[in-house]
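Enquirer: Just to be clear, the model below is a prediction. Sequence and coordinates:
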Amino acid sequence: MSSGRIALTRHAATMLSERGIEREWVERTVISPDHLENDPRHADTLWSFRAIPERGGRFLRVVHKLEGNEIKIITAFFDRAKRR
């Protein structure tokens with residue numbers, strides 16, 4: 001999912017700040033994920049995963065959806081269950 005402007009919801013901006021997640025990591029994850037899944041509960045929502053070297057290779061999960069030409073970031077967190 002490489003096209004479109006990336007925008008954070010208010011919730012996402014708060015979560016990034018609280019969780020110490022860099023916006024650049026979120027953008028990198030959405031633009032070039034290691035793995036991509038459809039959200040099983042929301043057909044229009046995707047989960048992008050990417051290992052973040054700056055965090056010891058932990059997997060960042062970014063929940064997002066496409067709205068027009070904008071990629072809307074809903075939330076992001078380090079996924080404890082995701083492994084290589």
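Expert: Good, I have the coordinates. Numbering: from 1, shown residues only.
Enquirer: use CA for all of it now, contacts and neighbours both
Expert: Fine.
Enquirer: Residue 26 falls within a helix, correct?
Expert: Yes: applying DSSP: H, G, I helix; E, B strand; the rest coil, one finds residue 26 inside a helix.
Enquirer: residues contacting it?
Expert: 60, 62, 76 (CA atoms under 8 Å, 6 or more residues apart in numbering).
Enquirer: Distance of it relative to residue 6?
Expert: 9 Å (CA to CA, to the nearest Å).
Enquirer: what does residue 58 give?
Expert: 22 Å.
Enquirer: Return the set of residues that bridge with the residue most central in space within the chain.
Expert: In the chain, the centroid-proximal residue (CA atoms, centre = their mean) is residue 62; its distance is 1.7 Å. Note on residue 62: beta-bridge partners by DSSP bridges are residue 48, residue 76.
Enquirer: and if you look at the one 5 residues further on?
Expert: Note on residue 67: beta-bridge partners by DSSP bridges are residue 70.
Enquirer: Please report the confidence value the model assigns to it.
Expert: Per-residue confidence (pLDDT) for residue 67: 92.
Enquirer: same check, this time on residue 73
Expert: 98.
Enquirer: for residue 4, same thing?
Expert: At residue 4, pLDDT is 71.
Enquirer: With residue 83 instead?
Expert: For residue 83, pLDDT reads 65.
Enquirer: With only the CA atoms kept, save stretch 46-55 in CSV.
Expert: Only the C-alpha atoms of stretch 46-55 are listed here, as CSV (Å, rounded to 0.1, in the frame of the first residue of the first chain):
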residue,chain,number,x,y,z
LEU,A,46,-5.6,-3.9,7.1
TRP,A,47,-2.9,-4.9,9.5
SER,A,48,0.7,-4.2,8.3
PHE,A,49,3.5,-5.8,10.2
ARG,A,50,7.2,-4.9,10.1
ALA,A,51,10.2,-5.8,12.2
ILE,A,52,11.7,-2.6,13.7
PRO,A,53,15.5,-2.9,14.1
GLU,A,54,15.6,0.1,16.4
ARG,A,55,13.4,-1.9,18.8
